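Q: What follows is a predicted structure for the sequence shown.
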Number of protein chains: 2
Amino acid sequence: MTDETATSPAPSRRSLLAVGGAGLALGAAAAGGAVALTRDGGDDMQPAAESGGAVPFHGAHQAGIATPVQDRLHFAAFDVKTDDREAFVQLLKDWTKAAALMTEGRAVGEGAYGGLAEAPPDDTGEALGLKPSRLTLTIGFGPSLFDTYGKAFGIADARPEALVELPKFPGDNLDKARSGGDLCVQACADDPQVAVHAIRNLARIGFGKVAIRWSQLGFGKTSSTTPDAQTPRNLMGFKDGTRNIAGTETDRLAQHVWADGPSWMAGGSYLVARRIRMNIETWDRTSLQEQEDVFGRDKGEGAPVGKAKERDEPFLKAMKPTAHVRLAHPDANHGATILRRGYSFTDGTDGLGRLDAGLFFLAYMKDVRKGFIPVQRNLATDALNEYIQHVGSAVFAVPPGVRDGKDWWGRGLFERKDG
Amino acid sequence: MTDETATSPAPSRRSLLAVGGAGLALGAAAAGGAVALTRDGGDDMQPAAESGGAVPFHGAHQAGIATPVQDRLHFAAFDVKTDDREAFVQLLKDWTKAAALMTEGRAVGEGAYGGLAEAPPDDTGEALGLKPSRLTLTIGFGPSLFDTYGKAFGIADARPEALVELPKFPGDNLDKARSGGDLCVQACADDPQVAVHAIRNLARIGFGKVAIRWSQLGFGKTSSTTPDAQTPRNLMGFKDGTRNIAGTETDRLAQHVWADGPSWMAGGSYLVARRIRMNIETWDRTSLQEQEDVFGRDKGEGAPVGKAKERDEPFLKAMKPTAHVRLAHPDANHGATILRRGYSFTDGTDGLGRLDAGLFFLAYMKDVRKGFIPVQRNLATDALNEYIQHVGSAVFAVPPGVRDGKDWWGRGLFERKDG
C-alpha cells in the first residue's frame, strides 16, 4: 500500500452504491485504503483511522476495545430465542459477514437496492451516504448463554472461570430489564446514525433467533484510550479516565486486558457494563469544595489534590479517605487495573422531572474476579455513592478477533477442540 | 471584520477560561470572529458558522429556526412552578444571559470556577474545553402558559390566535407525559454534550420556578435547511426534507415561517413538536416496492415516482393516492408549507424488545391553523400511518429574537403596550 492510498479520503456509502455491483470490489479496496493499517497478528497497535474512515474489522483482537474511543455508542444486549445450535451458529456467521461490511461503510447484503422489489431491502438504508465513521462492532457472550443454552449448543463446559456473575454490591439498585443478556454487541462510531444502523440491522438479521433485551445509547465518551488526547468530562463535570490504559500500551494491555484462557478466549477480554445513574440535580447544588473532595481532583484542571496538573502522579494520602480517585486507584486495589470505555447518557426525564442521566460504564479486563469486582468492593465507602446509583449491570466474555473473511464471531468457542 | 478573523478557528471553552476574567472580553471577540456574520436586522440570512464555531445569539429572529440544521438535539418542555410574575420574568432574564454565554461557547456565570469553594459552581462543567459547536437555544411559550398563568403574569389577553391546541388526529396515541408544556427550549448543536449541557444548566438555573416536564434527545437531523446539502435520511431509510424551506430563502420564510402578529410575536414563529414512533421491525420486513409506494419516492436516489432525480418536480398523480409525498405536498394542501427541523431518535428498547425509535418532528410555521393542522388532516389516509404512531405532541409560540445584550427572551410579551 502506498502512502497515497493510505491518505485518500474515506469513501461514502453513497459512492460505493452508485457504481453498483462492479463498485463493490473497488469499494472494498478504497475502504482499505482509507485507513492507516497498523494492526497485524500479534500487534496491539490499533489503526489510526482518519475521521470518518474505517477501522479494520479483522485482527487478533476484536476492534472496539483498544481502538481509540469513538464519539458515540449504541450498546445492545440480546436474549437467545432458539435452542437450535445450527441456527445459532449460522446467525453468528451472518452477523460476522454483516459486521465486516458495515464497518467498511458498506450496506448489508450485496447490491442493497439491487434486490427484488417484492422482498424487503437487504439493508435498512438510513446509513446510505454516510462514511464508515470508525464503526467498530464487538460481540460478547454472557454467563446465561453457557448456563441456559450450554447443553443445546454444546458449550456447557466451555464457560470461562473468569466469567463470573457479579456479586451484589452495596447500594446496587439494579433493574432486571436493564441487566444481563445472553449476548451483547457494542457498536461505537463517530456518527450515532451509523452505530444505530448497525445494531438495528444485526437485530433484523437475528429476527426469530435473538431479540434485544435492552439497549443503551451513549452520546459522549467519558474515557479516552488515546495518549495525549484531551481527557473527556463526565456529566459531573470532571475529567474522567486520566490514567486509563492507552490503546498503544502493549504491555499494560497484555497484563490487564487480554484474556489468557481458556484457549478459545486467548486474545479476548471480559467486559463489565454498568448503567450508573447520577443524581444530577443534587450534585448541581453541591459546593465546589465538596465536589472536589468527592473526586480527589480539582474540577477545572483535573489535578489530584495538592498537585498542579492533571497528569501529575496522585498522592493518595493527601485525599480524603473516601475520595473516589483514592479508592479506585490501583495502589489501593493490589494493582487491579481495567480499561475504561464508558459513555455519558441522557435518556430524557424521569417521572419526577429529573434528568435520567449518568454514565454507562464499560470496562474491559483480563479477569472479572481480579478487575472490576475488587475495585467495586473497595468503592463501598466511596463518597461518590451519595450522588450515583448503579441501576443496570451485565458481564460478558468477549472472544478474540475474527482473523479473516472465513473466520466468524465465536468460531473458537463453537469449534473448539479442548474445554 | 477582516477575512482573517472570519476564518480564525473557534475558541474552546478551555482557552476562554484559562485566561480568566480578562479573557472574557477577548473571548467574546474571538467567538464573534469565528463565524461569518451575515445576519442583521431585517435579514433572514443565517450565519454560516464553521464546524465547531458559534452562531450569533442576537438578531431579529431567534437562531435555531432558519439556522442551518445542526447534527444533534436536546429538546425540553418545562412546567412553570411559580405564579410570581417578577420571579418568572427574572428567570427569563437569567436564562437569556446564560443562553448568550453558552452559545458563545462560554461557561455560565463569570469566572466558572473562580467562585466560592463553599458554593455550587456557576456552571456544571461538562462542556468545559468543548467548542461552541454551533449551539442554538430557542425558547417557546405553550398555550397553557397563557391559560394557567395568564392572570398571574398579566398575559391572559396576549395569547396569539395562531397558537391553537392541536385537535385530535386519527391514529393519535398521545402520552400525556410526553406532551404539552408551559415553555420549551430547543437546544441544537453539533456536539450532543454541548446541547445536553445547555438544557441542564437552564433547568438548574430555573430550579424552583420551572421543572422539566419531558425532554427528548435527537441524534440525527432528518431535514436540512441548507440548499444543496446532502439530504439526510430518516430511520425508515428514506431521504427526508428534500423540498424543505432553506434558511436562505427569504421570501419563503417571510411567507410561511415568520409570524405577523400579535405585535409581540412579529418575527417569531409557531412550533409544532410531535414524537413519531416508527414500527421499525414491521417496516424492515416490508418489501422495497411497498416502502417506495408508501413514500412515493424511490429509496436509493429519493426521486419522485416516475422521475430520475431526487430534486425533480414530483408528478403527484403518478403516485398512489395514499402516498405520503402526494398527501403532504403543498399542492394537495392549498399551498400550506412548513419548515421542518426534525431529528431521529432511538430511546433504547420497549418492554417487547422493539426499538423505541422514530422521528421527533419539529416544524416552524407562520400560523398553526394554516400550517401543520391542514397538512396533518390531509395525512389521515397516508399509507405511512400503518408504520408510524404519533405518541407525543406540543405546540409553542416562539417569540422573535433577542435584539441585544439588554433585551431578553419574551420581553415583548411581558412589557407589551398593546394586546
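A: Sure, I can see it.
Q: check contacts around whichever residue of the stretch 151-300 of chain A sits closest to chain B.
A: Here the stretch 151-300 of chain A gets closest to chain B at one residue, residue A:237, 2.4 Å apart by Cβ to the nearest Cβ. No exception for glycine: its C-beta is placed from N, CA and C like everyone else's. Residues in contact with residue A:237 (Cβ atoms under 8 Å, 6 or more residues apart in numbering or on different chains) are A:291, A:299, B:121, B:123-126, B:128.
Q: measure the residue in the stretch 301-419 of chain A positioned nearest to chain B to residue B:215 for me?
A: Relative to chain B, the nearest point of the stretch 301-419 of chain A is residue A:353 (4.1 Å; Cβ to the nearest Cβ). Remark: distance between residue A:353 and residue B:215 (Cβ to Cβ, to the nearest Å) = 9 Å.
Q: These two: who's more crowded?
A: The residue with more neighbours, out of residue A:353 and residue B:215, is residue B:215; 27 against 17, by other Cβ atoms under 10 Å in any protein chain shown.
Q: Wait, that one touches residue B:74, no?
A: Yes: with contacts counted by Cβ atoms under 8 Å, residue B:215 reaches residue B:74, the gap being 6.7 Å.
Q: Find residues that contact each of those two.
A: When Cβ under 8 Å, 6+ apart defines a contact, the residues bordering residue B:215 and residue B:74 alike are A:346, B:199.
Q: any chance of the contacts of residue A:237 in TSV, plus distance to residue A:347?
A: Converted to TSV, the contacts of residue A:237 look like this (distance: Cβ to Cβ, whole Å):
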residue	distance to residue A:347
A:291	23
A:299	25
B:121	24
B:123	23
B:124	18
B:125	21
B:126	16
B:128	23
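Q: So which of the residues you listed sit within helices?
A: In this view, the contacts of residue A:237 that belong to helices under DSSP state H are residue A:291.
Q: In terms of distance to residue B:349, which of the contacts of residue A:237 ranks first?
A: Taking Cβ to Cβ as the measure, residue B:349 sits nearest to residue B:126 out of the contacts of residue A:237, at 26.2 Å.
Q: Next, count neighbours for the residue nearest to residue A:401 when sequence neighbours are not counted.
A: The shortest distance from residue A:401 to any non-neighbouring residue, by Cβ to Cβ, 6 or more residues apart in numbering or on different chains, is to residue A:59 (4.3 Å). For residue A:59, the number of neighbouring residues by other Cβ under 10 Å comes to 25.
Q: So residue A:59 sits against residue A:407, correct?
A: No: with the criterion set as Cβ under 8 Å, residue A:59 and residue A:407 do not qualify as a contacting pair; they are 10.5 Å apart.
Q: Which residue is most remote from the mean position of chain A?
A: The outermost residue of chain A relative to its centre, with distances by Cα atoms, centre = their mean, is residue A:118 at 36.9 Å.
Q: Now do the contacts for that one.
A: Applying Cβ under 8 Å, 6+ apart, we find residue A:118 in contact with B:287-289.
Q: For those, pick the one with the most neighbours.
A: The most neighbours, when the contacts of residue A:118 are compared by other Cβ under 10 Å, belong to residue B:288, which has 22 neighbours.
Q: Helix, strand, or coil at the residue nearest to residue A:401?
A: coil (DSSP: H, G, I helix; E, B strand; the rest coil).
Q: pLDDT value on it, please?
A: Turning to residue A:59, the model gives it a pLDDT of 97.
Q: measure it to chain B for me?
A: Here the distance between residue A:59 and chain B works out to 28 Å (Cβ to the nearest Cβ, to the nearest Å).
Q: For that residue, grab phi and psi.
A: Residue A:59 adopts backbone torsions of phi 160, psi 180, taken as degrees, to the nearest 10.
Q: residues contacting the closest residue to residue A:346 other than its chain neighbours?
A: Taking Cβ to Cβ, 6+ apart, and ignoring the residues beside it in sequence, residue A:346 has residue A:357 as its nearest neighbour in space, at 4.2 Å. Counting by Cβ under 8 Å, 6+ apart, residue A:357 touches A:235, A:277-278, A:280, A:344-347, B:196, B:200.
Q: By mean pLDDT, which helix or strand of chain A comes out lowest?
A: For chain A, the helix or strand with the lowest mean confidence is helix A:22-33, at a mean of 31 (criterion: mean pLDDT, DSSP states H and E).
Q: re earlier: so the residue of the stretch 151-300 of chain A closest to chain B: helix, strand or coil?
A: Residue A:237 falls in the coil class when you classify it by three-state DSSP.
Q: residues contacting residue A:164?
A: Listed by Cβ under 8 Å, 6+ apart, the contact set of residue A:164 reads A:143, A:368-369, A:373, A:395.
Q: From residue A:142, how far out is it?
A: The spacing between residue A:164 and residue A:142, counted by Cβ to Cβ, is 12 Å.
Q: and for those two, which residues touch both?
A: Contact criterion Cβ under 8 Å, 6+ apart; residues bridging residue A:164 and residue A:142 by contacting each: residue A:395.
Q: just to revisit the earlier point, what's the helix or strand for the residue farthest from the centre of chain A?
A: Element membership for residue A:118, per DSSP states H and E: none, as it lies in no helix or strand.
Q: With residue A:73 instead?
A: strand A:72-80.
Q: before we move on, what about residue A:283?
A: Here residue A:283 sits within helix A:280-284, counting by DSSP H and E.
Q: list the buried ones in that helix?
A: For helix A:280-284, a neighbour-count test (16 or more other Cβ atoms under 10 Å in any protein chain shown) marks A:280-281, A:283-284 as buried.
Q: same check, this time on stretch A:305-314
A: The neighbour-count criterion (16+ other Cβ under 10 Å) identifies A:305, A:307, A:310, A:314 as the buried residues of stretch A:305-314.
Q: Can you pull out the low-pLDDT segments for the stretch 101-250 of chain A?
A: For the stretch 101-250 of chain A, residues meeting the criterion pLDDT under 70 lie at A:110-115, A:228.
Q: Can you show me the strands along it?
A: With DSSP state E, counting those that start in this stretch, the ranges of strands along the stretch 101-250 of chain A come out as A:136-141, A:183-189, A:210-218, A:220-221.
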